[in-house]
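Colleague: need the 3D shape of this:
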Amino acid sequence: MNELKKHIHDNANGLDYTLVNDHYLPNLTVAAPAEHPTGRWGRLHKKYLKEQHPIRYNQLLLSGELGGYLAKLDKQAEEQLALTVQQMQESEGVTEALKAANQLEWVRRMNSIRNRAEEIIKTELIFV
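Modeller: Below you'll find the model as predicted:
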């Protein structure tokens, strides 16, 4: 009886095959995903996508675009948060002079500004 080779190469398509039981299966590998650091906003949006938009989440995941998409959104959210906080500080008169004169009042007002700015980011970028 003719013995089958354990490994073969098909020049027509350039793939290598391995004998498994009575069938040749292609040796397929998945490219390593690119590293995209995802921060707080990216993780929040990922959870939102999984729960509220599973089809969109799976499309991004299966196409390999999820990491880059979340990293970009995270960066955009951080920049928007910093800008919003700065604009709110200016419009409400929360300055370094206030910080020097009354630290507790400055902290209270800054916490209020930061909380409101984060809610704006969540509403406009994360939960959409």
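Colleague: output the longest strand belonging to this structure.
Modeller: Identified as the longest strand of the chain according to DSSP state E is strand 15-20.
Colleague: buried ones in whichever helix or strand comes after that one?
Modeller: Note on strand 15-20: by DSSP states H and E, the next helix or strand toward the C-terminus is strand 23-26. Going by neighbour count (16 or more other C-beta atoms under 10 Å), the buried part of strand 23-26 is residue 24. To be clear about C-beta, it is placed using only N, CA and C from the backbone, and glycine gets the same treatment.
Colleague: ditto for stretch 83-101
Modeller: Neighbour counts over stretch 83-101 (16+ other C-beta under 10 Å) mark 84-85, 88-89, 94, 98 as buried.
Colleague: which of those residues fall within helices?
Modeller: Residues of the buried residues of stretch 83-101 located in helices (DSSP state H): 84-85, 88-89, 98.
Colleague: with pLDDT and distance to residue 112 added, can I get the residues you listed in JSON lines?
Modeller: Below are these laid out as JSON lines (pLDDT from 0 to 100; distance: C-beta to C-beta, whole Å):
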{"residue": "84", "pLDDT": "97", "distance to residue 112": "13"}
{"residue": "85", "pLDDT": "97", "distance to residue 112": "11"}
{"residue": "88", "pLDDT": "97", "distance to residue 112": "9"}
{"residue": "89", "pLDDT": "96", "distance to residue 112": "11"}
{"residue": "98", "pLDDT": "95", "distance to residue 112": "13"}
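Colleague: appreciated, that's everything.
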